[in-house]
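1. Build me a model from this:
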Amino acid sequence: MKKIKVIFALLLLAGAFVAGEAQNMDHKAMKTDKKMVMIEKAVCVIYPTAGNKVTGVVTFTKVEGGIKIVADLQGLTPGKHGFHIHEFGDCTSADGTSAGGHFNPSGVSHGGPMESMRHEGDMGNIEANSNGVAHLEYVDSAISFKGISSIIGRSIIVHEKEDDLKTQPTGNAGARIGYGVIGIAK
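-> Numbers count the residues shown, from 1 in each chain. Down below sits the predicted model:
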């Protein structure tokens, strides 16, 4: 009987130890989660899809009023090109289709980036000059780094043609000529 009491006491101590360690692990996880909530910046490096030449970098920085987007691209044909956040951060297909459709967690119609009713992923167009270089900069209030509108882990797609900002569901912007995954940045 004494051996059973000793074994029982050891099991209780072991259980208390394991519970204490689990609580420590939960505390560490909460600290990590708090860091995730504190995302201030994200980045997307754009690579060309098969047969194209577009490259560049898009940064996303948390500012008052939303997320500031700064895009610098090169290797484009002169003119406007549809520019969108797509639902998946999957750039494994040569044509960019693995990125899925426009990021649209609200389930609304396609539109321009300044319209109140639009896909969260609708960033409109980026315009290339005669040298194929494009710059875009604005603050977007529809996207976020957390919650349902989080862009982290999604992708950016650059299209061959101009987004007409009205044709459903994609703006009739044509083929996908560049893409990249949006990741957390320092």
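
2. show me where pLDDT drops low in the protein?
-> 1-37 (pLDDT under 70).

3. Domain map for it?
-> Per automatic domain parsing, the structural domains of the chain span 1-38, 41-184.

4. tell me the most buried of those?
-> Neighbour counts (mean count of other Cβ atoms under 10 Å) averaged over each of these peak at domain 41-184, with a mean of 18. C-betas here are computed from N, CA, C, even on glycine.

5. gap between it and the chain center?
-> On the basis of Cα atoms, centre = their mean, to the nearest Å, domain 41-184 sits 10 Å off its chain's mean C-alpha point.

6. Could you tell me the end-to-end distance of it?
-> Across domain 41-184, the terminal residues are separated by 6 Å (Cα to Cα, to the nearest Å).

7. for stretch 149-166, same thing?
-> 21 Å.

8. quick one: the helices in this structure?
-> Per DSSP state H, the chain carries helices over the ranges 2-37.

9. beta partners for Leu73?
-> Leu73 forms beta bridges with Gly56, Ala134, as assigned by DSSP bridges.

10. Please verify my assumption that it contacts Thr55.
-> Yes. If you go by Cβ atoms under 8 Å, Leu73 and Thr55 touch, sitting 7.1 Å apart.

11. Give me the common contacts of the two.
-> Taking Cβ atoms under 8 Å, 6 or more residues apart in numbering as the contact rule, Leu73 and Thr55 both touch 46, 178.

12. wait, doesn't Val57 sit right on Ile69?
-> No. Contact criterion Cβ under 8 Å: Val57 and Ile69 do not qualify, at 11.4 Å.

13. ok, Lys62 - contacts?
-> 39-41, 68, 145.

14. for these, which one is nearest Val133?
-> Val133 lies nearest to Lys68 out of those, by Cβ to Cβ, at 20.2 Å.

15. Pretty sure that closest one sits against Val58.
-> No. Between Lys68 and Val58 there is no contact under Cβ under 8 Å: 11.0 Å.
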